[in-house]
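In: Structure for this input, please:
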Amino acid sequence: MPLNPNRNIIIVGAGPFISRSLTHYLASQNWHIVLISRTEQNLRAYALETTKLYPSAPPVLTHTADASDPANLLIALDWAAAQLGGKVDVLCYNAAAVGPTDLMSVTPDILTDDFKIAAVGLLVAGQWFPKHANTDHIPAGEYPLFLITGSELNKKPWPTYSSLSAAKAASQNLTDQFSQILTKEHRILVGQPLVVQPIIPSQEGGWLTKSDPEVIVKEIFRPFLERREAIGVDGNGIHEWIRDRVW
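Out: Okay, here's the model as predicted:
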């Protein structure tokens, strides 16, 4: 199902896997996209690649920021919102430090840094969004969406990915809390795509697990984006909203 065109999204934590595939999909729908991440070179590469694939789509905008630094992240979010006319349809928080950390050797500094990226940055983004969420389309049944990439590491932590497991548990607790507040008090939907298996590229091409980023976007990101546009003029669709989708 095609999405409404001329909508927009800010993606915090733009990387080579899920956010890249999500960017390509939304560019195909003629969305305005702003990518936020630490590395300017990578951001430029993602934007250029998307422009080549979808030359008729609005140009992808980028801004460097460290999601673990609240002041730095807020500057980037404010800039992104300004480029989008001050009203944001979807905010996607995809930032996390993904990598192996053994429970018995991980340092407090690494755990603290990973916690700041996954949880503190999420807190900052979630508190910022109500001031900038686009509620103009609510009378037509379309609601703004806070989309947070998750996993099941909060339920089944991996001691070999100890820091990520702990940080994700904290971020998903915050997601639970935001889902209780944002919809009720600010008319913002909260969606949590949960990726169970790690995304591991194969040297021969393809992926070593079922976690193909394009499939992930199709199966557990697109349904959120489609459903947010179909809540209904009476708002009854909110009661049928599915917050978590697992792949």
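In: need the helix or strand of this protein with the lowest average pLDDT.
Out: Lowest on mean pLDDT, DSSP states H and E among the helices and strands of the chain sits helix 213-216, with a mean of 88.
In: can you pull the contacts of the closest residue to Leu61 other than its chain neighbours?
Out: The shortest distance from Leu61 to any non-neighbouring residue, by CB to CB, 6 or more residues apart in numbering, is to Val34 (4.6 Å). From N, CA and C alone the C-beta is placed, and that goes for glycine too. With contact set as CB atoms under 8 Å, 6 or more residues apart in numbering, Val34 has these partners: 8-11, 60-63, 80, 83-84.
In: residue at max distance from the center of this structure?
Out: Distance from the C-alpha centroid of the chain peaks at Met104, with 30.5 Å (CA atoms, centre = their mean).
In: what about that residue, which SS state?
Out: coil (DSSP: H, G, I helix; E, B strand; the rest coil).
In: Roughly how far does it sit from Ala125?
Out: Going from Met104 to Ala125 by CB to CB, to the nearest Å gives 32 Å.
In: Tell me the bridge partners for the residue most central in space within the chain.
Out: Nearest to the mean C-alpha position of the chain, counting by CA atoms, centre = their mean, stands Cys92 at 2.8 Å. Judged by DSSP bridges, the bridge partners of Cys92 are Ile11, Leu147.
In: which SSE is the nearest residue to the residue farthest from the centre of the chain once chain neighbours are set aside in?
Out: The shortest distance from Met104 to any non-neighbouring residue, by CB to CB, 6+ apart, is to Pro159 (8.0 Å). Using DSSP states H and E, Pro159 is not contained in any helix or strand.
In: Check whether Pro159 really touches Pro100, as I assumed.
Out: No: with contact defined as CB atoms under 8 Å, Pro159 does not count as touching Pro100 (10.1 Å).
In: how about low-confidence regions in the protein?
Out: By pLDDT under 70, the low-scoring segments of the chain are 198-202, 204-209, 211.
In: just the strands in this protein please.
Out: 8-12, 32-37, 61-64, 90-93, 145-148, 189-194, 244-246 (DSSP state E).
In: do you know which of those lies nearest Phe221?
Out: Nearest to Phe221 among the strands of the chain is strand 189-194; the distance by CB to CB comes to 5.4 Å.
In: what's the burial count for Trp158?
Out: 14 (other CB atoms under 10 Å).
In: got the contact list for stretch 40-59?
Out: So stretch 40-59 is contacted by 14-16, 19-20, 23-24, 27-28, 30-33, 35, 37, 60-64 (CB under 8 Å, 6+ apart).
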